[in-house]
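Chemist: Pasting the sequence and the predicted coordinates here, then a few questions.
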Amino acid sequence: MQQEKMKISSHREIASQIFELSLEGELVNEMKQPGQFVHLRISESIEPLLRRPISIAEIEHRHKRFTMIYRADGKGTRMLSHKKAGETIDVLGPLGNGFPIERKKGEKALLVGGGIGVPPLYELSKQLVKQGVEVFHVLGHETASKVFYMDEFSSLGKTYVATVDGSLGTKGFVTDVLDQEDLSFDCLYSCGPMPMLKALENKYPAIEGYISLEKRMGCGIGACFACVCHLADDPSGTKYRKVCSDGPVFKIGEVMI
Amino acid sequence: MSRLNIELPGLSLKNPIMPASGCFGFGKEYSQFYDLSILGSIMIKATTYEARFGNPTPRVAETPAGMLNAIGLQNPGLQSVLENELPWLEQFDVPIIANVAGSQTEDYVEVAKQISKAPNVKALELNISCPNVKTGGIAFGTIPEVAHDLTKQVKQVSEVPVYVKLSPNVANIVDMAKAVEEAGADGLTMINTLLGMNIDIRTGKPILANRTGGLSGPAIKPVAVRMIYEVSQQVSIPIIGMGGIQSVDDMIEFFYAGASAVAIGTANFIDPFICQKLINELPNKLDELGFSHISELVGRSWKNHD
């Protein structure tokens, strides 16, 4: 984990309000696991005050470059979206624990993403494919204009899309695709809204799986206790996990969602 | 470094800069960034007798120039702090200020009694001002007689000096300060967070699950400076000041207002190296302002310097 002013190598809008931002610097050397995140200080001033946690979508060690995909819908991310190539951003990271990827060659993995939970699955998919794992992607979005990286995911494995309004792919949610397709797989990986993760947990109670959670964070490193969650076997006690430093990835069934 | 050393009841500080309670955990996370021995002190996270999970999430929300939090005193409880956290901190050459919290007088007294025996705990910070717990906490910190009584009882059992953390959520901060001084408090820490709220305009609901939270960050700095300015002229015990400090210039205002040392809270979240940076920058600022020792700044805004 380190703090570095990283240089923006490219920044563009790839779907409605969805931005792809690539940064270069030494900090990339420490990025190992897909599913980790960075904490960005968007402005040197006090607006916005707090850092913003953003997931890592792609790691390119050779170029000392990593890419994030984020949605500009809050004050901080809207300000971030105005940054141009060549400018620098204060990055703290890599933070948290990502997806475990040690799998046997020939195994099948199902990757399910929802909305802005889709980006970390891209690096995950790349690393799984590199190991000889067959990947399937089921990606859910609100509407066609919000869909991104379909070609990129498709080049790695079979990719299904669901949109809530039916403007692209299956009309409905990722679970509608899963009901239709009856996919068989050895491991499930998912990132997206809580109701989606909950639905997956209910649908596949016995499968080995990992989910990535999102919570409002203060420090991002485990000191402030803002992003804690209960353990599933201790729903009202004092045992806990911190999403920022114990997660954001947890084994399915480990924590209350 | 001798230009920065400060002697306070129970505390020989290498420098007057320390992380504020609740913003630094028990130090482990920040020890990944720098050697904690450089700090003047560490105010560790509030400790209660029993372990507490705290409030439901979301527990933090951003506001203009500030943040709201409603963590709810989550901590592993007294025994775990005594067995795990404080011994771990012994590897660093830094005095610890243990923040003591509770729901009733007996809790405070028991935690104070036991935690004050830990070898590296050199002072207590009596937390009578947390706005995020329904019982205790702020109830002790808003009525002078109640704060007086609690301070007196804790003083009777504590083996180290007791600093009382004052809440800004009161009608008269000077009355509160005088009440705890009269009860035997060795020092004051001020201010805790201001009770606040923000609402999500899409849902119409408060953003924090607890609805209200404590406001910290630069937004509260002028309130803290004003309160320290008022209180420091009316009491004879020292004040550790806090509330929105982000820079050396902010710190100087606190010293001028009457603080003898300062604590850094929310700024640690924005820049994990902030305490280290401020410690490094302070001597240059003393040169720039023409002071030879940090103590010359204390109360300068109201002391006669003719």
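Modeler: Cool, the structure landed.

Chemist: Which helix in the chain has the most residues?
Modeler: Looking at chain A here, since you left the chain open. helix A:119-130 (DSSP state H).

Chemist: meant chain B, my bad for not saying
Modeler: Chain B, longest helix under DSSP H: helix B:274-289.

Chemist: any chance you could map the helices in the chain?
Modeler: Since no chain was named, I'll use chain A. Under DSSP H, chain A gives helices at A:75-80, A:119-130, A:150-154, A:174-181, A:194-203.

Chemist: could you do chain B instead?
Modeler: B:78-80, B:86-89, B:105-115, B:138-141, B:144-157, B:173-182, B:221-232, B:248-257, B:267-270, B:274-289.

Chemist: ok, of those helices, where does mean pLDDT dip lowest?
Modeler: Here the lowest mean pLDDT among the helices of chain B goes to helix B:138-141, at a mean of 78.

Chemist: between the helices of chain B, which gets nearest to residue A:69?
Modeler: For residue A:69, the closest of these is helix B:267-270, at 23.9 Å, according to C-beta to C-beta. (Each C-beta comes from the backbone N, C-alpha and C, glycine too.)

Chemist: How far away from the center of its chain is the closest one?
Modeler: 15 Å (C-alpha atoms, centre = their mean, to the nearest Å).

Chemist: Packing partners of that helix?
Modeler: helix B:274-289 (3 or more C-beta pairs under 8 Å, 6 or more residues apart in numbering or on different chains; DSSP states H and E).

Chemist: just the angle between the helix it packs on and helix B:248-257, please?
Modeler: 70 degrees (axes from the mean of the first three to the mean of the last three C-alpha atoms, to 10 degrees).

Chemist: Show the pLDDT at residue A:253.
Modeler: 93.

Chemist: just the one 4 residues further on next, same as before
Modeler: Residue A:257 is assigned a predicted lDDT (pLDDT) of 89.

Chemist: show me the contacts for it.
Modeler: Contact analysis of residue A:257 by C-beta atoms under 8 Å, 6 or more residues apart in numbering or on different chains lists A:194, A:197-198, A:201, A:211, A:213, A:229.

Chemist: cool, residue A:16 as well?
Modeler: A:145-146.

Chemist: Compute the distance between it and chain B, please.
Modeler: Distance, residue A:16 to chain B, by C-beta to the nearest C-beta, to the nearest Å: 18 Å.

Chemist: Quick check: the gap between that residue and residue A:57.
Modeler: 17 Å (C-beta to C-beta, to the nearest Å).

Chemist: Likewise for residue B:155?
Modeler: The separation that residue B:155 has from residue A:57, given C-beta to C-beta, amounts to 56 Å.

Chemist: again with residue A:9
Modeler: 14 Å.

Chemist: out of these two, which sits in the busier spot?
Modeler: residue A:57 (24 against 18; other C-beta atoms under 10 Å in any protein chain shown).

Chemist: can I assume that one is in contact with residue A:37?
Modeler: No - using C-beta atoms under 8 Å, residue A:57 is not in contact with residue A:37; the gap is 10.3 Å.

Chemist: Identify the contacts common to those two.
Modeler: Joint contacts of residue A:57 and residue A:37 (C-beta under 8 Å, 6+ apart) are residue A:120.

Chemist: and stretch A:49-56, which residues are buried?
Modeler: For stretch A:49-56, the neighbour count (16 or more other C-beta atoms under 10 Å in any protein chain shown) marks A:49-56 as buried.

Chemist: what separates that stretch from the chain centre, distance-wise?
Modeler: 13 Å.

Chemist: Can you show me the CA trace of that stretch as PDB?
Modeler: Extracted C-alpha coordinates of stretch A:49-56, given in PDB (Å, rounded to 0.1, in the frame of the first residue of the first chain):
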ATOM      1  CA  LEU A  49     -13.200  16.400   1.500                       C
ATOM      2  CA  LEU A  50     -13.000  12.600   1.700                       C
ATOM      3  CA  ARG A  51     -11.300  10.200  -0.600                       C
ATOM      4  CA  ARG A  52     -13.400   8.100  -3.000                       C
ATOM      5  CA  PRO A  53     -13.000   4.300  -3.200                       C
ATOM      6  CA  ILE A  54     -12.900   3.000  -6.800                       C
ATOM      7  CA  SER A  55     -12.400  -0.500  -7.900                       C
ATOM      8  CA  ILE A  56      -9.500  -1.600 -10.200                       C
END
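
Chemist: which parts of the stretch 101-250 of chain B sit against chain A?
Modeler: B:217-218, B:246 (C-beta under 8 Å from any C-beta of the partner chain).

Chemist: Can you lay out these as TSV showing pLDDT and neighbour count?
Modeler: TSV is the format used below for these (pLDDT from 0 to 100; neighbours: other C-beta atoms under 10 Å in any protein chain shown):
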residue	pLDDT	neighbour count
B:217	98	27
B:218	98	22
B:246	97	20
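
Chemist: Which of the residues you listed fall in strands?
Modeler: Within these, no residue falls in strands by DSSP state E.

Chemist: TSV please, covering these and showing distance to residue A:93.
Modeler: Listed next are those as TSV, based on distance: C-beta to C-beta, whole Å:
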residue	distance to residue A:93
B:217	22
B:218	24
B:246	22
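
Chemist: wait, which of those residues is closest to residue B:166?
Modeler: residue B:217 (18.2 Å).

Chemist: So what's the residue count around residue B:147?
Modeler: For residue B:147, using other C-beta under 10 Å, the count is 27.
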